[in-house]
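Participant: Fold the following and give me the result.
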Amino acid sequence: MSEQKNTNTPEMRPEQDANEVRKVRIEKLNDMCANGSNPFEITSYDRTATAGEVLAAFERFEGVYVRIAGRLVSKRIMGKASFGHLLDCDGKMQGYFSRDDMGVDEYQAFKKWDVGDIIGIEGEVFKTKTGEISVHVKKATLLSKSLLPLPEKFHGLRDTELRYRQRYVDLIANPEVKEVFVKRSKIITAIREVLDKKGFIEVETPILNTLAGGANARPFITHHNTLDIDMYLRIATELHLKRCIVGGFDKVYEIGRQFRNEGMDPKHNPEFTTIELYQAYADYKDMMDITEELYSTACLKACGTLDIEYQGQPLSFKTPWQRLTMIEAVKKYTGLDFENEALDELIKKANEMGLELSADTTWGRALYEAFDRFVEEKLTGPVFIMDYPVEVSPLAKRKPSDPRLTERFEFFVCASEGGNAFSELNDPIDQRSRFEQQMLAKAKGDEEAQPYDEDFCTALEYGMPPTGGVGIGIDRMVMVLTNSPSIRDVLLFPTMRPLNK
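Facilitator: Residues are numbered from 1 along each chain as shown. Got it, this is the predicted structure:
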């Protein structure tokens, strides 16, 4: 059983055009069909093992007759015997194909198959002279014909544009990419397990709405033909979930897609996934505890440890995380003391540092602008930043000790905001006033200001208990826990500009 390598079939030469290859493969398919062996007529294949299972437990599988199916990703023809590798859902398995074992006709048919074809093999598991676990093939079946060749050097495919546009090729070429999405699934499962054990109920709320509320963001607009009205893809699940709290649910959550008609960069995609949860008789400090638990559990499930590295930056998700008020954070990183200095002096100093605040800027707006400009980029984290100004928190409850601030936090990991939480505003009178302020901002040109949601105010007038709520970006969580530099790396099919634009 010599394992010397042979060159690929002429069809795989890189200088050939993909269209030429496709033409040759269609001719092969037509010949098969004419001979009564159309692979697309096969409806199933009874697998008894996967490559990963055999590779992980060779001692148990040695000498066992197995049936494995997958994509043919390499083929070395050497006269009366050949080698090929199959790639399936969890591993890559070598097959040893021999004319003496398979028969002349079946072996000749195999030699005409192409890299990229989906095949099934059956035979005994053994180990070659070089120690590679393999299947001694007795029978091979063509299950699906590949008409397009895999890209040249697909085993090391690194063309970012191609990888995102043709994720199906990316997943074939780069096993580590597939592992990212396996971890993503584990992370979401871990989140559900934590919340389900705590008695939360998973619910579903509308994606199409007549108002786009619950966050400050530009919505996507569509049109409902039957009702003849414009509708909006949701930008948040918050207001509907809080209606559930009004209706008597004590603990609810939703994992789902949000849509925001905004910019695209390594941290932003127009559609993204969040987890939002709300708990009656709780506040934002309770939400900090839940956030820590969700992250630590997901980190352990995906990484096996709480101490990880993100893009060269060491991180620890051991609890408790650091907690700073926004006032403390601004003072720590800029020296601006919003607790003790006069507002006009703060505005002067902030402008000298590079801000452009007008003389009539409110205390809360000045605090937030200083934080946003000078502090956020320095937060390695994980860290909770608490007590945001009321001007930028239209759905959060005011702090009893300082009505200029709200009981709100955001948490940051590697200078990126990972989630947002409130002690939820349940005062309908105050809520109406906040919506009115948002409408004034919209009238002045703020396209992200929230609309006035009369029905939500009506719901609050029926009474909502004190409630804590938090929203966490799933995609950014997955980025951190899989060490992925771009949000596109953790979305199977990210939004891309059409090729003809």
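Participant: Just give me the longest strand of this protein.
Facilitator: Among the elements of type strand in the chain, defined by DSSP state E, the one spanning the most residues is strand 65-78.
Participant: Tell me the helices and strands packed up against that strand.
Facilitator: If you count contacts as 3 or more CB pairs under 8 Å, 6 or more residues apart in numbering; DSSP states H and E, strand 65-78 packs onto helix 51-56, strand 81-88, strand 91-98, strand 118-127, strand 133-144. Placement of C-beta: from N, CA and C, glycine included.
Participant: Distance to residue 111 for these - can I get that in TSV?
Facilitator: What follows is the helices and strands packed on strand 65-78, written out as TSV (distance: least, CB to CB, whole Å):
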stretch	distance to residue 111
helix 51-56	22
strand 81-88	7
strand 91-98	8
strand 118-127	13
strand 133-144	11
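Participant: immediately after the worst-scoring helix or strand of the chain on mean pLDDT, which helix or strand?
Facilitator: Among the helices and strands of the chain, helix 160-165 carries the lowest confidence by mean pLDDT, DSSP states H and E, at a mean of 86. Once helix 160-165 ends, the next helix or strand along the chain (criterion: DSSP states H and E) is helix 167-173.
Participant: strand partners of the longest strand of the chain, parallel vs antiparallel please.
Facilitator: Counting by DSSP bridges, the strands paired with strand 65-78 are strand 81-88 (antiparallel), strand 118-127 (antiparallel).
Participant: Poorly predicted segments of the stretch 151-300 of the chain, please.
Facilitator: Screening the stretch 151-300 of the chain residue by residue with the criterion pLDDT under 70, one finds the ranges 152-158.
Participant: mind listing the strands for it?
Facilitator: For the stretch 151-300 of the chain, the strands identified by DSSP state E, counting those that start in this stretch occupy 201-202, 208-209, 221-224, 229-233, 251-259, 271-280, in order along the chain.
Participant: Can you tell me which of these is most buried?
Facilitator: Neighbour counts (mean count of other CB atoms under 10 Å) averaged over each of those peak at strand 271-280, with a mean of 22.
Participant: next one: stretch 442-458 to chain centre, how far?
Facilitator: From the chain centre to the centre of stretch 442-458 is a distance of 29 Å (CA atoms, centre = their mean, to the nearest Å).
Participant: hang on, the earlier thing: residues of the longest strand of the chain that come out buried?
Facilitator: Judged by neighbour count (16 or more other CB atoms under 10 Å), strand 65-78 contains these buried residues: 66, 67, 68, 69, 70, 71, 72, 73, 75, 76, 77.
Participant: Quick one: those as JSON lines, columns for distance to residue 307 too.
Facilitator: Written out in JSON lines, the entries for the buried residues of strand 65-78 read as follows (distance: CB to CB, whole Å):
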{"residue": "66", "distance to residue 307": "39"}
{"residue": "67", "distance to residue 307": "42"}
{"residue": "68", "distance to residue 307": "38"}
{"residue": "69", "distance to residue 307": "39"}
{"residue": "70", "distance to residue 307": "36"}
{"residue": "71", "distance to residue 307": "37"}
{"residue": "72", "distance to residue 307": "41"}
{"residue": "73", "distance to residue 307": "35"}
{"residue": "75", "distance to residue 307": "43"}
{"residue": "76", "distance to residue 307": "43"}
{"residue": "77", "distance to residue 307": "49"}
